[in-house]
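Please find the sequence and the predicted model below.
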Protein chains: 2
Amino acid sequence: MKLDIAIIGTGNVAWHLSSALENAGHVITEVYGRDLKNAEKISSRLYGTEAQDHLDFTESQANLFILAVSDQAIGEIAEAVILPEGSVLVHTSGNMALDILSFSSADYTGILYPLQSFTKGREIGFEEVPFLLEAMESKAMKTLKTLCKSLSSPYYVVPSRDRKAIHVAAVFASNFTNHLIGIAESILERQGLEFDMLKPLVTEQINKTLQMGAKAAQTGPAKREDFGTLENHHEFLHYNEQLAEIYRLISQDIIDSNPL
Amino acid sequence: MKLDIAIIGTGNVAWHLSSALENAGHVITEVYGRDLKNAEKISSRLYGTEAQDHLDFTESQANLFILAVSDQAIGEIAEAVILPEGSVLVHTSGNMALDILSFSSADYTGILYPLQSFTKGREIGFEEVPFLLEAMESKAMKTLKTLCKSLSSPYYVVPSRDRKAIHVAAVFASNFTNHLIGIAESILERQGLEFDMLKPLVTEQINKTLQMGAKAAQTGPAKREDFGTLENHHEFLHYNEQLAEIYRLISQDIIDSNPL
C-alpha cells in the first residue's frame, strides 16, 4: 500500500528515512525545515517533494506525518503543526512518550522509533533498522506496520516503558561501547601506537559476543579474577583518575557477575 | 623456513596455534601438558606430534619452544623446563615481561603475544591475529618474524611497556565492550525483551567506530549533553546502584571529552 508522507525535520533520521521510503514506493509530499535551505537539501534528492518552512499542512496530500526532530522540539512543533483531517502524526524518539503528541491537531498519533544509529553520508539498508512501534489507535498502528513491511524492516510493538528500557540498553551497547573503544584509542595514542593493531580483536570480540551472548563470551583479567593484573592495569592508568575509576568499576561489575 | 616447534601448554592459545603452525608447514614435535590427556587432545589432531607430561626436552628436535600457559605458571615452568642447546623459548602473555624467562635454560628468549581472543571450537584465520613481538637477541626475533610471516599474521615489535599499554587498551576495547553489551542484555531480559532487536545497532555502531574512529562516531545523550535524558536513564537504573554509577561515570567521561 502506497502512503503519502510528509517529513517534519531535516536531521539524520529525516535524511535517511525520506530516501528509503521513496525507494519503497511511497511519495514524500513535503519536507519541513525551520531553515528552508536544509529542507531543500532533502527535497532536491526526491521526486516531486516540496520543501517548506511553515507548519501549515492543510493543503498537503499526506496522510502520515513523521516528526523527526530533536526530543526538545517535539512538543512545541506537535502543538504548532496544522494537519488535514484524518492525519496520523508520529514521532521518532526513543525517549519521549506518546502523550507528548496529545495536544496536536492529529486525529491519530504514534511512535516510529528506529533502533539504529544514522550518520549523514553513510548508507544503511533498512532491513538492518528495527523499528519500535507504539500507537493509541489501530489505524495508526496499521499505517506504521505497513511502512515497516514496505522497508523490510523488523518491527516490535512496545509500550513506552519498554521503549525506555531499550533506549537505556542501546546507550550501553552502542554509545558506551563506542566510548570505551575511544578510551582504548587514547591509551595507544598516548604511547605513540597505532590503533589498527586492535581492530581484529574488536571485530572478533563483537562477532563472538553477538553469536554466543556476552556471558559466554566474557574473557579477561576481571573474569579470571586475576587481581595482580587488575592492580597492575589500575596503576598504569594513574595519569587519569576517571579512567582508572572506570576500569575499577567495570572490572568489579564483571567480578560480581561471575558465578560463585 | 620450516621450524620444529614444541608447545608447552594445552589452553586456547596452544590449541589454536598448534594447528595453525602445522598448516603453515612447520612441525609440532611435542605438546606438553601437566595432564597427559589434555596434551593428547591436541597432539592427536596433529601429524607425528608426541604428547608428554614431563618438562625434559633434551631429546627434542625442536628449536622453538612456545610457553602458552597462564601468567601465574610461566615463571615456574620456565625455570623447570630442560631445553636442548641453542633453543629459543618464548611466552605468549600480554602482561608478563621478558625477564620472567631469564632463569630458564634457554639460550634465547622472546615474547609472542597474540592480540586476539581465542575460544575453543571457534575457528579464526591467523591473518586476523596480530602478534606483538619482543626478544633480547636478534636470533630469537628472526625466528618470531619467520613464524608470523608463515602464518600471514601482522606483527609489531614492541617493548614490554608498550605491550602493557596495548593490553590495557585491549581490556577496554574487548573485555569491557563485551560486558557493556552484557549489561544491555540484562536490562532487556529484566523487561522480558529479546536482545536480538539490538544486534543491528551494535553491528553498525562497531563498523562505524572502526571506520571513522570513536571520536567521530560518538552519538547519544551524553555527547549531546542532553541532561534530561541522562537524569531519566540514571533514575531508570535505580534497581542496581552499580549500573547507575557505571552509567553516570561513562556519561561524564563522554561529556568531558566533548570539545568546549
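Structure received.

Report how many residues lie close to the closest residue to A:Ala97 other than its chain neighbours.
With CB to CB, 6 or more residues apart in numbering or on different chains as the criterion, A:Ala97 has its nearest non-adjacent residue at 4.6 Å, and that residue is A:Ser160. (C-beta placed from N, C-alpha, C; glycine too.) Residues within reach of A:Ser160, counting by other CB atoms under 10 Å in any protein chain shown, total 15.

Next: A:Asp107.
15.

try A:Ile187
Count around A:Ile187 with other CB under 10 Å applied: 26.

how far is the helix or strand containing it from where the chain is centred?
Secondary structure assignment for A:Ile187, by DSSP states H and E: helix A:177-190. Offset of helix A:177-190 from its chain centre (CA atoms, centre = their mean, to the nearest Å): 23 Å.

what does stretch A:253-260 give?
Relative to where its chain is centred, stretch A:253-260 has its mean C-alpha point 30 Å off (CA atoms, centre = their mean).

before we move on, what about stretch A:165-177?
The answer for stretch A:165-177 is 10 Å, by CA atoms, centre = their mean.

How about stretch A:27-44?
That offset, for stretch A:27-44, works out to 21 Å (CA atoms, centre = their mean).

Then stretch A:113-128?
For stretch A:113-128, the distance to the chain centre is 8 Å (CA atoms, centre = their mean).

any idea of the mean pLDDT for it?
The average pLDDT for stretch A:113-128 rounds to 90.

and that stretch, anywhere near chain B?
Yes: residues of stretch A:113-128 contacting chain B under CB under 8 Å from any CB of the partner chain: A:Leu115, A:Gln116, A:Ser117, A:Thr119, A:Arg122, A:Ile124, A:Glu128.

So which bits of that stretch are buried?
The neighbour-count check on stretch A:113-128 (16 or more other CB atoms under 10 Å in any protein chain shown) flags A:Tyr113, A:Pro114, A:Leu115, A:Gln116, A:Ser117, A:Phe118, A:Thr119, A:Ile124, A:Phe126 as buried.

What of stretch A:177-192?
A:177-188, A:191.

Then stretch A:59-78?
Within stretch A:59-78, the residues that count as buried by 16+ other CB under 10 Å are A:60, A:62-69, A:71, A:74-75, A:77-78.

if we look at chain B, which of those residues are close to it?
Among the buried residues of stretch A:59-78, the ones lying near chain B by CB under 8 Å from any CB are A:Asp71.

Name the nearest of the buried residues of stretch A:59-78 relative to chain B.
A:Asp71 (6.9 Å; CB to the nearest CB).

give the contact list for that closest one.
Residues near A:Asp71 by CB atoms under 8 Å, 6 or more residues apart in numbering or on different chains: A:Ser93, A:Asn95, A:Met96, B:Asp226, B:Gly228, B:Thr229.

pLDDT score for the last one?
Spelled out, that is B:Thr229. 91.

for the closest residue to it other than its chain neighbours, phi and psi?
Leaving aside its chain neighbours, B:Thr229 sits nearest to B:Pro221 (4.0 Å; criterion: CB to CB, 6+ apart). According to degrees, to the nearest 10, the main-chain angles of B:Pro221 amount to phi -60, psi -40.

what's around B:Pro221, how many residues?
By other CB under 10 Å, 24 other residues sit near B:Pro221.

surely it meets B:His233?
Yes: in terms of CB atoms under 8 Å, B:Pro221 counts as a neighbour of B:His233; the distance is 7.0 Å.
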